[in-house]
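Asker: give me a 3D structure for the following:
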Amino acid sequence: MAAMDAQVDALLVESLDGLPAAERIAVAYQWETLVRRMEAVRHRLVAAVAELPKADLGDRSPARALSTALRISKEEARRRVKEAADLAPRRGLTGQDLEPVLAHTAAAQRRGAIGAEHIAIIRRFFRRLPGFIDATTRQAAEADLAHIASGLPPEELRAAAEHLAVLLDAEGELTDADRARRSYFSLGKQQPDGMTPVRGNFDPELAALWEAVAAKWAAPGMLNPDDP
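Answerer: Sure, this is the predicted structure:
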């Protein structure tokens, strides 16, 4: 770590004024590749913290410990812990070394071929994948997405992932468990103007209930005589 710090210190004082345009872009590319690889190292560090017993952790959860130590938000700390669970090498119950859950994606990140945006798209793809998709198909889909992500910008990868999701969804019916996993309702923090943002994804039953409530209580004139 000390050697890396020294190298970064040297880069911070290095003048870039003399670099021609093509070299500036090339150096930016090299730096981006290095940063992506360093994020793969971070996954291993976070995973190492996550496996500590509470007595050594010094807090109720790995995310809380990281939030305090790194001075990052609890939300960001939870995101890093979950991401590391997918992308860091694992250890089996008997101590054997296991590949990451998203092995191909993790390998692409270690090469510096994909970045945080690519990874977020791939992880979201699997969060939304129906439960009827078998393990072999999931592994093949992950390999395909990691491969094409290495040569595409995030916008094009997102389109490819959405297309693949449609193809896989067409092979079966969503179960109640799938719908439960996809449904959520989030109430944000109240804003300075008094307004509170909401986000959600209702399952069919909740959507029907909401429509019935809205039809009565949100009808024109209801609770507001000035509403025509």
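Asker: pop the domain breakdown of this protein in here.
Answerer: If the domains of the chain are taken from automatic domain parsing, they occupy 12-94, 102-194+203-212, with pieces of a single domain joined by a plus sign.
Asker: any idea of the mean pLDDT for the first one?
Answerer: Mean pLDDT, domain 12-94: 95.
Asker: ok, now the longest one?
Answerer: Rounded to a whole number, the mean pLDDT of domain 102-194+203-212 is 88.
Asker: how long is it from one end to the other?
Answerer: The straight-line separation of the ends of domain 102-194+203-212 (Cα to Cα, to the nearest Å) is 42 Å.
Asker: centre of the chain to it, how far?
Answerer: 9 Å (Cα atoms, centre = their mean, to the nearest Å).
Asker: adding distance to Ala6 and mean neighbour count, write the domains of the chain out as TSV.
Answerer: C-beta here means a position set from N, CA and C on the backbone, and glycine is covered the same way. Rendered in TSV, the data for the domains of the chain read as follows (distance: least, Cβ to Cβ, whole Å; neighbours: other Cβ atoms under 10 Å):
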stretch	distance to Ala6	mean neighbour count
domain 12-94	11	14
domain 102-194+203-212	22	15
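Asker: how about the helices in this protein?
Answerer: For the chain, the helices defined by DSSP state H cover 2-13, 21-50, 54-57, 62-70, 74-87, 103-111, 116-127, 135-149, 154-169, 176-182, 204-217.
Asker: closest to Gln190 out of those?
Answerer: Counting by Cβ to Cβ, Gln190 lies closest to helix 74-87 out of those; the figure is 17.2 Å.
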